[in-house]
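S.K.: Please work out how this folds:
(chains A and B)
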Amino acid sequence: MRVVIAEDDALLREGLVLLMTTKGIEVVAAVDNATDFLAVVEHDRPDVVVVDVRLPPSFGDEGLRAAVEARRIHPGLPVLVLSAYVEDSYATELLADGSGGVGYLLKERVGRVERFLEALHRVAAGGTAMDPEVISQLLVRRTANSPLDALTAREREVLGLMAEGLSNTTIGDRLAVSDAAVHKHIRNIFTKLDLPHDDNGGHRRVLAVLTYLDG
Amino acid sequence: MVAPALPDGRFRPCATITAVTVKERFGAVERAVGHLTGSGGTSAAAACAVVLLLPVVALCLVGVGLPLVPFAAGVVRPLVAVERRRVEAALAEPVPAPYRAVEGPLRQRVRTVLADPATWRDLAWLVLHGATGLLLALLALGVVVSAVALVPAPAYWWLAPHALEVSGLRVDSWSSAAVAVPLGLAYGAVAWHLPLVAHAQAVVARGLLAPAAGVVLGDRVAELTASRAAALEAHGAELRRIERDLHDGTQARIAAVIMQLGIAESVHDEDPAAAMSLLRKAQDTATGALAELRDVLRGIYPPVLSDRGLAGAVTALAARCPVPCVLEVDGVGRHPAAVEAAAYFVVAEALTNVTKHSRAEHATVGLRTRADTLVITVGDDGRGGADEDAGTGLAGIRRRAEAFDGSVVLVSPPGGPTELRVELPCGS
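M.R.: Numbering: from 1, shown residues only, chains lettered A, B, ... in the order given. The predicted structure follows:
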């Protein structure tokens, strides 16, 4: 897998490069600004890009905009956006084009190396990786009398993991329950929320769940 | 006859007599009569107001009438405003309303109204005008009617069935009719000077209705001093809160991380498994510290503001609001960071109130800049009846606005709709 990294903080950038190379992932370029990032993507055609939201010169949302721009030029280019904080509207913008291969994670998730790499691979394969913080921001907004109130605590947990983009197997592993149990929870959730059943765990299911949560 | 020198305004002077100036003078007399007749109307209203205010004053003297004060001011001030418009028209110059902003809880409103010198000047005007306005109106009409009726008396007195009686003069013979002409001319001479009377009335009224010299500036200084003190107080409270959050949360957790790492290092050789579990714990603790730090930062200056500016940040707030929210942003550029942060928190707090309390189906957020003032409006079609004295949300909004010398107006009748309007000056 060939990766391009855009991160202005040298410590983090080198950390990411080190982490990936030790895990056998090829880092074709690691840059510290949006202009270089777009040039490198154009030149090297990576399998997945990892981008910080805030990049110089103005330290606004250049990274995010560069990621959206890169996906506009190369439709379907898998993008994993890292940030020091989550803003759920950014997630909405990343997902706006409807195609898969989108990730949006807090920077400290990199520290959970196995999960981070799992998310990176999922995004590279066209899946989704949403930070649990995004999901909880979306959940906080729900007002009273939401159909979500009908979910059991376990079902809410499963819903959150689905929204993060995890596959049924991974959800089962995380919760230490059988595949069959996960299927049952998911069926219940979709019935209670009146969503079309979708058992395969792909990007379409994530989109459906996130769109539902987004109200 | 040479026209007496007249001051500026509607009853303008004419230096020399020509056909044109005589015509103008007749126009001035006509307008003066109109103005003075109008005084009769406002005078009657002022007299009624005085009569109605007497029981309020009596109740205030024994203490129980104080809550009525803002309502009494609410009745009197529109009446005074009518006179202010009339004086403006008469003097052809603006007469600004001198009132201090009446807002906040009832107790504060009572205090504002009573402490406002304009309240007492209004009261003085009510008494003076109630006593004199009607007399002036009768004088003006009487003088003009007398002049018009007496001067041509010789031409028509004999048409009257018995005798013609005008202004105390009984015209029933040619000789008395001959007296009527000079008397009528005398009335006419008085009428000729009515513009002066009208002008004098307007000048006296302006003296009481316009802001007293120095009061506007004095009030402004007092307001700015208060808002500066509030800003300092708010800033101090903010610093203390941030210090406490960082000290109790982030700092303590990072200390714990260092401790966990140190212990892990010391036990590593004897018990690698224990060291590993400590490393994981340290990672969890650091993650928690980071989450807390994020919350603190969000409270100091929301990161989305640096990323996107105020319009972008408020767009994100509106998009996040569970109540469908229409956003109207009009010409909002960048403002000082503190003002933007205050505006962001105001909108966030207002939308939280809409979500929690209004039961609204739709909300609107408006953001515009008018003459160096950032105007924020948040409206909803909910059940209304929002009470600033009841909740802390609105009080917080007011505190933030006042720290910037801003203003807050909440209109929320029971049954709705509710509109909150916050203005934040942001000129340098």
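S.K.: Would you pull up the residue in the stretch 1-150 of chain B closest to chain A?
M.R.: Of the stretch 1-150 of chain B, the residue with the smallest distance to chain A, taken as CB to the nearest CB, is B:Pro105 at 29.3 Å. In this view, the C-beta of every residue, glycine as well, is placed from N, C-alpha and C.
S.K.: other SSEs contacting the longest helix that chain A contains?
M.R.: Using DSSP state H to assign secondary structure, the helix with the most residues in chain A is helix A:179-193. In terms of contacts (3 or more CB pairs under 8 Å, 6 or more residues apart in numbering or on different chains; DSSP states H and E), helix A:179-193 is packed against helix A:153-164, helix A:168-175.
S.K.: which residues does residue 56 contact?
M.R.: No chain specified, so I'll use chain A. Shown here is A:Pro56, whose contacts under the criterion CB atoms under 8 Å, 6 or more residues apart in numbering or on different chains are A:Asp8, A:Asp32, A:Asn33, A:Glu62.
S.K.: Let me rephrase: I mean chain B.
M.R.: With contacts defined as CB under 8 Å, 6+ apart, B:Val56 is in contact with B:Gly65, B:Leu68, B:Val69, B:Ala72.
S.K.: again, 6 Å this time
M.R.: Contacts were defined as CB atoms under 6 Å, 6 or more residues apart in numbering or on different chains; by that measure B:Val56 touches B:Gly65, B:Leu68, B:Ala72.
S.K.: most tightly surrounded among the helices and strands packed on helix A:179-193?
M.R.: When those are scored by mean count of other CB atoms under 10 Å in any protein chain shown, the highest mean neighbour count falls to helix A:153-164 (a mean of 19).
S.K.: show me where the stretch 101-250 of chain B has strands.
M.R.: Residue ranges of the strands in the stretch 101-250 of chain B, as given by DSSP state E, counting those that start in this stretch, are B:164-166, B:169-171.
S.K.: So the closest residue to A:Gly76 other than its chain neighbours: helix, strand or coil?
M.R.: The shortest distance from A:Gly76 to any non-neighbouring residue, by CB to CB, 6 or more residues apart in numbering or on different chains, is to A:Ser99 (5.2 Å). Judged by DSSP: H, G, I helix; E, B strand; the rest coil, the three-state class of A:Ser99 is coil.
S.K.: one step back: tell me which entries of the contacts of A:Pro56 lie within helices.
M.R.: Those of the contacts of A:Pro56 mapping onto helices are A:Glu62, per DSSP H.
S.K.: quick one: which of the contacts of A:Pro56 has the most company?
M.R.: A:Glu62 (24 neighbours; other CB atoms under 10 Å in any protein chain shown).
S.K.: residue boundaries of the helices in the chain?
M.R.: No chain specified, so I'll use chain A. Listed from the start of the chain, chain A has helices (DSSP H) covering A:10-22, A:34-44, A:62-73, A:88-95, A:113-124, A:132-141, A:153-164, A:168-175, A:179-193, A:203-213.
S.K.: try again with chain B
M.R.: Going by DSSP H, chain B shows helices at B:19-61, B:69-91, B:106-115, B:117-150, B:153-156, B:174-192, B:194-209, B:215-245, B:252-267, B:272-300, B:303-320, B:337-353, B:393-403.
S.K.: Where does pLDDT dip in chain B?
M.R.: Residues of chain B that meet the criterion pLDDT under 70 lie in B:1-19, B:389-392, B:427-428.
S.K.: quick one, what contacts the closest residue to B:Ala264 other than its chain neighbours?
M.R.: Take B:Ala264 and drop its neighbours on the chain: the residue closest to it by CB to CB, 6+ apart is B:Leu278, 3.8 Å away. Contact analysis of B:Leu278 by CB under 6 Å, 6+ apart lists B:Gln260, B:Ile263, B:Ala264.
S.K.: Tabulate those residues (TSV), appending neighbour count.
M.R.: Compiled in TSV, the contacts of B:Leu278 are given as follows (neighbours: other CB atoms under 10 Å in any protein chain shown):
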residue	neighbour count
B:Gln260	20
B:Ile263	16
B:Ala264	20
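S.K.: count of neighbours near A:Pro57?
M.R.: Quick note: A:Pro57 (other CB under 10 Å) scores 10 neighbours.
S.K.: Return the set of residues that bridge with the closest residue to B:Glu328 other than its chain neighbours.
M.R.: Spatial nearest neighbour of B:Glu328, chain neighbours left out: B:Gly366 (4.6 Å); criterion: CB to CB, 6+ apart. When bridges are taken as DSSP bridges, the partners of B:Gly366 come out as B:Glu328, B:Thr377.
S.K.: B:Thr377 versus B:Gly366, what's the distance?
M.R.: Between B:Gly366 and B:Thr377 the distance is 4 Å, computed by CB to CB, to the nearest Å.
S.K.: try B:Arg359
M.R.: 20 Å.
S.K.: Contact partners for the most far-flung residue of chain B relative to its centre?
M.R.: Residue distances from the centre of chain B (CA atoms, centre = their mean) peak at B:Glu270, which lies 76.1 Å from the mean C-alpha position. B:Glu270 makes no contacts at all, as judged by CB under 6 Å, 6+ apart.
S.K.: What are the phi and psi values at it?
M.R.: Backbone torsions for B:Glu270, taken as degrees, to the nearest 10, come to phi -80, psi -40.
S.K.: so B:Val257 touches B:Thr285, yeah?
M.R.: Yes - with contact taken as CB atoms under 6 Å, B:Val257 and B:Thr285 are classed as touching, separated by 4.9 Å.
S.K.: Nearest residue to A:Ala66 in space, please, no chain neighbours.
M.R.: For A:Ala66, the nearest residue in space outside its immediate sequence neighbours is A:Ala34; the separation is 3.9 Å by CB to CB, 6+ apart.
S.K.: And that neighbour, what's its pLDDT?
M.R.: Reading off the confidence values, A:Ala34 has pLDDT 93.
S.K.: give the contact list for it.
M.R.: Residues touching A:Ala34, when contacts are defined by CB under 6 Å, 6+ apart, comprise A:Leu55, A:Glu62, A:Ala66.
S.K.: Contacts only, for the nearest residue to B:Trp125 once chain neighbours are set aside.
M.R.: By the measure of CB to CB, 6+ apart, the closest residue to B:Trp125 outside its immediate chain neighbours is B:Leu208, 4.1 Å from it. Residues near B:Leu208 by CB under 6 Å, 6+ apart: B:Arg121, B:Ala124, B:Trp125.
S.K.: Relative to B:Asp245, how far out is the last one?
M.R.: Relative to B:Asp245, B:Trp125 is positioned 55 Å away (CB to CB).
S.K.: neighbour count winner among these two?
M.R.: B:Trp125 (23 against 18).
S.K.: still on that earlier bit, okay if I get the helices of chain A as JSON lines plus distance to B:Cys60?
M.R.: Below are those laid out as JSON lines (distance: least, CB to CB, whole Å):
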{"stretch": "helix A:10-22", "distance to B:Cys60": "69"}
{"stretch": "helix A:34-44", "distance to B:Cys60": "68"}
{"stretch": "helix A:62-73", "distance to B:Cys60": "62"}
{"stretch": "helix A:88-95", "distance to B:Cys60": "54"}
{"stretch": "helix A:113-124", "distance to B:Cys60": "71"}
{"stretch": "helix A:132-141", "distance to B:Cys60": "50"}
{"stretch": "helix A:153-164", "distance to B:Cys60": "60"}
{"stretch": "helix A:168-175", "distance to B:Cys60": "70"}
{"stretch": "helix A:179-193", "distance to B:Cys60": "61"}
{"stretch": "helix A:203-213", "distance to B:Cys60": "58"}
